[in-house]
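[1] One predicted model, sequence on top.
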Amino acid sequence: MLARTAFINHFGKRLNDESLQSMSRELFQQYDEDGSGAIDAHELQKALTSWEIEVSVEDVKGMIMEAKDENDEGDEIRVEAFEKIVKQMFHGYKEGTDMFKTDPMGDWVDSKNPVSVINGSAPFVYATLNDQKLPKGLILDRKTGLIHGVPSEEIYANDYIIQASNRVGSVTYAVKIEVLDPPSKLTYREYCKNSKLGLHRELHYPLKCDVHGTVNALCGQMRFSVGRDPIQTRQVFDELDTDGSGELDAQEFREMLVVLGLALSDEETALMMRNMGKDPKNGAVTFADFWKYFNSGLPKGLEINPKNGEISGIPTAETPTSMYVITCWNPVGETTTTILIEVQEAPNSFQYRCTDCIYKQVFFNSC
């Protein structure tokens, strides 16, 4: 499982930066066994494993190389760099870049971008240096320096030089901005949506998907995983459980699937309920029933490529027709889709009870 996916599944998405910092420092101190104020790659790996995040030593060393600063020596990092790793793992992007959504309904990922500090005598006039154009849809307020708006085109990270002037001088600041398109329209190709796979037989063609959105950016890349955020799913379940019984009837269950963005036919919904051992018309579903089925991994032997969503491998266990939720995300959003996969064993031996079969021909007289 991807580090970020494991992190989100373990803690949910409700943490703020203050909570992340507190958790990071507490874990760091726990695994800084010699009290040196630094941890190495093996200690970092142990720390992440305690959060149910499985990463290789090589991956850990890569994290350290990316997060360390001039105060860190060798393959060791101090608590500040560890906090950076945890924060990046949670948010899914690197710090130091202002990110926008190209979604027409979106705006800044976090907030509008105001000027935080400027020294000198007001009033100031703000402008881009040499009339450099901000990404389409973004506006620089000449009086306050506030950058805001709804960007309408995808832009890779670029530096924009903002100049603040008064009557006696000016000063400049470089703002790095990139505009990302959130993932959308995630679909697996028609031949993949209801796949019948042979036991112990390698897939001749991977199950491939198509998706819209920014794939590569300075602040992070598009990624794919099986399953989705349990916190959001539980919220939707509780909102529809209006009587507080801890169960959803068949109609409420269908409504929940719609809210979660799962466009299933009546037949697919009925199949899901039957696979959970529920009557499609009169059955009731608990969250535990649903989550065990809904967030299950792929059939044994199959794996998803986290970079492009392709599913490949050699199935090693028979599996009834089951629905799998695939989630795709980048730093500014996520989307999901579902596919059906069944694994069956192909016929491998065939014979009749008797080697020679002799039948007596019977003739009937017609009237």
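    Structure's in. What do you need?
[2] Could you pull up the contacting residues of residue 312?
    Contact analysis of residue 312 by CB atoms under 8 Å, 6 or more residues apart in numbering lists 203, 206-207, 302-303, 305. All C-beta spots, glycine's among them, are computed from the backbone N, C-alpha and C.
[3] partners of it in the sheet?
    On the basis of DSSP bridges, residue 312 is bridged to residue 303.
[4] what ranges do the helices span in the stretch 101-250 of the chain?
    Secondary structure of the stretch 101-250 of the chain (DSSP state H, counting those that start in this stretch): helices at 230-240, 250-259.
[5] Could you list the domains of this protein?
    3-91, 98-180, 184-344 (automatic domain parsing).
[6] thinking again about what came up before, of the contacts of residue 312, grab the buried ones for ChimeraX.
    Buried subset of the contacts of residue 312, written as a ChimeraX selection, criterion 16 or more other CB atoms under 10 Å:
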select :203,207,302
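[7] and the least confident of the contacts of residue 312?
    In terms of pLDDT, the lowest of those is residue 203, showing 87.
[8] Could you double-check that it sits in contact with residue 313?
    Yes - Residue 203 is within contact range of residue 313, at 6.7 Å (criterion: CB atoms under 8 Å).
[9] overlap in contacts of those two?
    residue 302.
[10] Name the nearest of the contacts of residue 312 relative to residue 258.
    residue 207 (24.8 Å; CB to CB).
[11] Was I right to think that closest one contacts residue 308?
    No - at 11.0 Å, residue 207 does not count as touching residue 308 under the criterion of CB under 8 Å.
[12] Helix or strand with the lowest mean pLDDT in the protein?
    Least confident helix or strand, the chain: strand 98-101 with a mean of 53, by mean pLDDT, DSSP states H and E.
[13] Show me the shaky parts of the stretch 101-250 of the chain.
    For the stretch 101-250 of the chain, residues meeting the criterion pLDDT under 70 lie at 101-114, 116, 228-232.
[14] And the residue nearest to the spatial centre of the chain, how far from residue 176?
    Residue closest to the average C-alpha location in the chain (CA atoms, centre = their mean): residue 329, at 4.1 Å. When distance is defined by CB to CB, to the nearest Å, residue 329 is 22 Å away from residue 176.
[15] repeat for residue 37
    Applying CB to CB, the value for residue 37 to residue 176 is 31 Å.
[16] ok so, going back, need the helices of the stretch 101-250 of the chain in JSON lines with distance to residue 323, can you?
    As requested, these are exported to JSON lines (distance: least, CB to CB, whole Å):
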{"stretch": "helix 230-240", "distance to residue 323": "14"}
{"stretch": "helix 250-259", "distance to residue 323": "10"}
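[17] Could you dump those into a markdown table with mean neighbour count and distance to residue 290 added?
    Supplementary listing: the helices of the stretch 101-250 of the chain in a markdown table, determined by neighbours: other CB atoms under 10 Å; distance: least, CB to CB, whole Å:
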| stretch | mean neighbour count | distance to residue 290 |
| --- | --- | --- |
| helix 230-240 | 16 | 7 |
| helix 250-259 | 16 | 8 |
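[18] which stretch among the ones you listed comes nearest residue 298?
    For these, the distance to residue 298 is smallest for helix 230-240, at 17.8 Å, taking CB to CB.
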